[in-house]
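Visitor: how does the following fold in three dimensions:
(2 chains)
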Amino acid sequence: MDNRQKEINNLKDYKYGFSTDIENIQAPKGLNEDVIKFISNIKKEPAWMLEFRLKAFERFKALKEPDWQKPKFPKIDYQDLYYYSAPKSMKDKPKSLDELDPKLLETYKKLGIPLQEQARLNGIAVDAVFDSVSVATTFKDELTKQGIIFCPISEAIQNHPELVKKYLGSVIPTSDHFFATLNSAVFTDGSFVYIPEGVRCPMELSTYFRINASNTGQFERTLIIADKGSYVSYLEGCTAPMRDENQLHAANVELIALDDAEIKYSTVQNWYPGDKDGKGGIYNFVTKRGLCKGKNSKISWTQVETGSAITWKYPSCILKGDNSVGEFYSIAITNNHQMADTGTKMIHLGKNTKSKIISKGISAGSSDMTYRGLVDISSKAKNSTNYTQCDSLLMGNKCGAHTVPYIKNKNSESNIAHEATTSKISEEQLHYCQQRGLNPEEAVGLIVNGFCKEVLQQLPMEFAVEAQKLVGISLEGSVG
Amino acid sequence: MKEQLQKDFDNSIKNLSLSQKDIEIKKFCLDNFIDKGFPNKKEEDWKFSDLNQIIKKNIGELSFYNDQASTNKVDTSLFVDGLEHNKIVFINGRIEKIDFEYEKKDQIEIIDQSETINEFKNSNSLSDLNNAFTNKCFKILVKKGYQLVKPLIIYHTTNSKIWSKNINLRLNFELDKNSSLRLIDLFNDTSEKNFLNIFYNFELKENAVLKNYKVDKFENKNIKYAFNNIDQDKNSISETFILSSGSNFSKNEINCNLKGVYASAFVNGVFSLNNDKHHEIRSIINHLTDNTKSYQLIKSVLDESSKAVYQGKIFVNSDAQKTDGYQLSKAILLNKESEFNAKPELEIYADDVKCSHGSASGSLNEDSIFYLMSRGLSYQQSRELLINGFLLDVIEKITDSEIKNLIKNMIGIKE
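Guide: Next up, the predicted model:
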C-alpha cells in the first residue's frame, strides 16, 4: 500500500472520534427551575443573571419546537438531557496552563491544538471550551495591555457585569425562538470579547469547542462587542467525539458592532456527522446574529460546515446603522445521511446599507441540503443594495439540493439581485483533469475547491488550509 | 360566516339533482372549508398575501349562494373586435353562452359534468370551497389531431347586480393527441367587492399544445383567485401568459406536472400595478420525468402603494435527469410605497440537471433616463419608454402573433 492510500484510509474514519475519561460533575438530568438554579449557583452568578435565565425558561415553557425546517428528526426529549457537565478538576480553577489536568492537555494534543505550542507558535490566543467550562485562556497579558477583554463569559459575568448586562440578549432576546430561548435559560459557558474604542485586535481570537460527555447538550453563549472604530477577527473551530446517540448543540452567538467597527467571524464546523448509515451525529441548531448598531459598521460571517448530522442555522445581520455592511460567505457540504438547512438573514434598516451573500452547497451520498435566506429591505433603508449568489453542486441522484430565498423589497431606491444555479460536475471538466494525470478523486477535489474558492478566500490563512483539507475529507468516497 | 355558508349551501344544492353520495362529498368539502376558513398568512403559501384579512378588509361578510335560474343578457359590445374567435361567456358566474362557431362540430365535445363530482385536489381550502359550491361544470374535449382554427375567448363578466358575493367557477379541458387550443381569459368586471374563485384543469395528451393567456386589465374592486392545474404527457407544450393589472387583489396559481418526456412548460407574467393593488403569481413546475423543460419570466412595474408577489418553485424528481429549468423575476419600484416580494424556490433531487433562477428588484435606472433626456426626450417620455421596453420583453415571449398584437393593443404598448 502506498503512502497516499494509507493516508486516505486514515482519513476515512472520523479523525477526532475518541472520548477522554475525566470525572464529570453533572447537574441532575432534566430541565426545570432547580437545574437552572443549580447551574447558576455552581457558576456563582449574581442574582440578575439567574433572573435572566428564569425569565427565559418561563418563556421557553410556552414555546413549541418548530417544524418548518427541511431536515426532520426524531423528537428530542428535553427532560432526558444533562444540562451541565464540567470536568471535576476544574472545581478549583487552575492559575496557569501548567496546572491543567494532564489528561485534558492530552486530548487537545490529539485534536491538534496543543495549547502552549499553538499559542506560542501561531500567535493565536486560544480560549478552549472543554464541554461546558472554559479551560484556559492564553495570551491574556498581551490582550490586556490593549484593553481587550477576552475571557469565558462566566468570568465576564463576574468581572464585567455592566457590559454583559447591557448587551447580553440585546441581539437575541430571551423571547426569541425555541432553541435560542432554551440556550438563554441553560447556557453554561462560552466566550466573551470586548474590543475597546479605536483598538485593532493584534491577533486572531480563536476558540475550539468539543462536546465530550455523552448526552450533554452543549449550550454555549458567545458575546462579542466591538466598540467604536475597533476591529476583531474571531475564529471558531469545532470537533466532537463519536457517540451513537444524537447530541444536541444549541449555541447562541451575539455580535455587536458600534460606529465604524468591524467584526469578522469565521467558523469551521467539523462535528461528528454520524456513521455511513446515518446513525448518531450532532444536531447543530445554532442561533448566530450580528447587529451593526453604529454607523459605517461591518459584520462578516464566514462558515465552512462539513460536520454534524443536522446543521440548522442562519447567521444573520441586522443592518441598523447607516452605511453599515453585512456579509455572509458559506460552504456547506453534506455526505452520507447528513442534512443541512442553512443560510442567512440580511435585514436592512439603515440608509445606504449593503449586504452580500455567497453560498456554496455541495451534496453527495444520500444527503440533503437547503439554502434558506431572507433579504428584507425596509421602507426606510434608502439606497441599499443586496447581492446574493447561491450555487449548489449535486453528486449522485440520491441527494437533494434546495434553494428557498425570501426576498422583500419595500424601498424603491434600493436594489436587490439574486442568482442561483444547480448543476453537477461536468464530464468535460473531469475529463480535462484526468487527461492531465489526476485520478478521479483528485479531480473532483480540485473542481470542488475551485467551486468554493470565493468563500475559502475569505478565511484567515490558518483556517483556509484546514478548510481546504476538510472539503476533501468530507467528500471522500462520494465519487464513482 | 359558518351559518351563512351552511344556509347558502342548503339553498344551492336544493336545485341540483345530485345523488346522495355526491351530496355527501360536497358536504365533506364544505365542512373542510368551514374548518379551515380562508387561507391566512400562517400558511407558507399565503405568507405574503393574507387572503383572510384581505377579504375581511375589502369585502366584509360574503354570501355564497348564486341564483342560477334567471338568465343574464349577453352584452355583445364587450366582445373583442378585430379577431374572429370562439366564445364562452360567464356572467356573474353563470355560464350564458358556449359558441364554437368557427370549428368542426364533431371535433369538439362539450360534456356537462354538473351531475358528477370530481373533486379538485389542492392543498388549500379554496379548492374545498370551489368543490362545495360549483354547480355547473363543463368539460371541453378537443379530439385527436384537431387544432382549433380560431382562439377561444372566455369572457368573465360581472355586473353591478352582485355585491359581496363569492362566485365559484370550474372548467375542465382535455386535449387529445396532436390537438391544440389557444385560450384567452378576459376579465371584465363592472361589479365591486366580490370574490371570484376559479379552477381550471387541463389534461394534455401526447404532442398537445395549450396556449393560455389570462388578461385582467380593467380596473375593478374585486378579489380574484385562479388556479390552473396542467398535466402534461410526452412532447406536449403549455404556454401560460398572465397580465395581472386590473383587480384589487388577484392571485394566479399555476401547477404544472410534466409527466411525459420532452414535455415543456412556459410561464410568463406581467404585473402592472398602481393604487393599493396587491397581486400575486405562484407557480409550481413539477419535473417528474427526464428531459423536460420549463421557462418562467415575470416582470413587474409597481407604482403608488401597490404590492406584487412572485412565488415560483421548480421541483425536480430524482428520475428527472436532464431537466432544464429556468426562472427569472424582475421588478421596478416606481414609488417608495410600493413593495415587491419574491420567493424563487428550487427543490432538486436529481444530479444531471440545469436549473437556475434569478431575481432582481430596484428603481428605474437614472443613467438610462439621463441618456434619453440628453437626446431630447422629456422625463415622462423617457420613463415611459424604459417601462415599455422592460415589459415588452415578456410580451414578445407570446408565441402567437395574432394574440400578441391583441394584447399589445390592449395595454397600449407601442414598439
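Visitor: low-scoring pLDDT stretches of the chain, where are they?
Guide: You didn't say which chain, so I picked chain A. A:1-25, A:85-140, A:207-217, A:238-246, A:462, A:473-474, A:476-480 (pLDDT under 70).
Visitor: that's the wrong chain, I meant chain B
Guide: Scanning chain B for pLDDT under 70 picks out the ranges B:115-123, B:414-415.
Visitor: which bits of it sit near chain A?
Guide: B:44, B:318, B:321, B:331, B:333-363 (CB under 8 Å from any CB of the partner chain). (C-beta placed from N, C-alpha, C; glycine too.)
Visitor: you'd agree residue A:142 is in a strand?
Guide: No - under DSSP: H, G, I helix; E, B strand; the rest coil, residue A:142 sits outside any strand and is assigned helix.
Visitor: wait, doesn't it sit right on residue A:201?
Guide: No - using CB atoms under 8 Å, residue A:142 is not in contact with residue A:201, being 10.4 Å away.
Visitor: which of the two has more neighbours?
Guide: Between residue A:142 and residue A:201, counted using other CB atoms under 10 Å in any protein chain shown, residue A:201 has the larger neighbour count: 21 against 13.
Visitor: neighbours around residue B:374, how many?
Guide: Neighbour count for residue B:374, taken as other CB under 10 Å: 9.
Visitor: quick one, what contacts it?
Guide: Residues near residue B:374 by CB atoms under 8 Å, 6 or more residues apart in numbering or on different chains: none.
Visitor: can you rerun that using 10 Å?
Guide: Counting by CB atoms under 10 Å, 6 or more residues apart in numbering or on different chains, residue B:374 makes contact with residue B:382.
Visitor: just residue A:327 next, same as before
Guide: Shown in contact with residue A:327 (CB under 10 Å, 6+ apart): A:264, A:298-302, A:317, A:344, A:346, A:354-358, A:458.
Visitor: ok, and which of those residues reach chain B?
Guide: Residues of the contacts of residue A:327 in contact with chain B (CB under 10 Å from any CB of the partner chain): none.
Visitor: so among these, which ones count as buried?
Guide: Neighbour-count burial (16 or more other CB atoms under 10 Å in any protein chain shown) is assigned, among these, to A:264, A:298-302, A:317, A:344, A:346, A:354-358, A:458.
Visitor: which ones among the residues of chain B next to chain A map onto helices?
Guide: Among the residues of chain B next to chain A, no member falls in helices (DSSP state H).
Visitor: of those residues, buried ones?
Guide: B:321, B:331, B:333-334, B:336-351, B:353, B:355-363.
Visitor: strands along the stretch 151-300 of chain A, start to end?
Guide: For the stretch 151-300 of chain A, the strands defined by DSSP state E, counting those that start in this stretch cover A:191-195, A:205-210, A:221-226, A:231-239, A:247-249, A:252-257, A:262-269, A:282-292, A:298-305.
Visitor: got CSV for the ones you listed, with distance to residue B:110 too?
Guide: CSV is the format used below for the strands of the stretch 151-300 of chain A (distance: least, CB to CB, whole Å):
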stretch, distance to residue B:110
strand A:191-195, 74
strand A:205-210, 70
strand A:221-226, 69
strand A:231-239, 67
strand A:247-249, 61
strand A:252-257, 64
strand A:262-269, 62
strand A:282-292, 57
strand A:298-305, 58
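Visitor: of all those strands, which lies closest to residue B:220?
Guide: Nearest to residue B:220 among the strands of the stretch 151-300 of chain A is strand A:282-292; the distance by CB to CB comes to 44.5 Å.
Visitor: thinking again about what came up before, and of the contacts of residue A:327, the nearest to residue B:385?
Guide: residue A:354 (30.2 Å).
Visitor: contact partners for residue A:454?
Guide: Contacts for residue A:454 were tallied using CB under 10 Å, 6+ apart; they are A:329, A:331, A:358, A:359, A:360, A:389, A:391.
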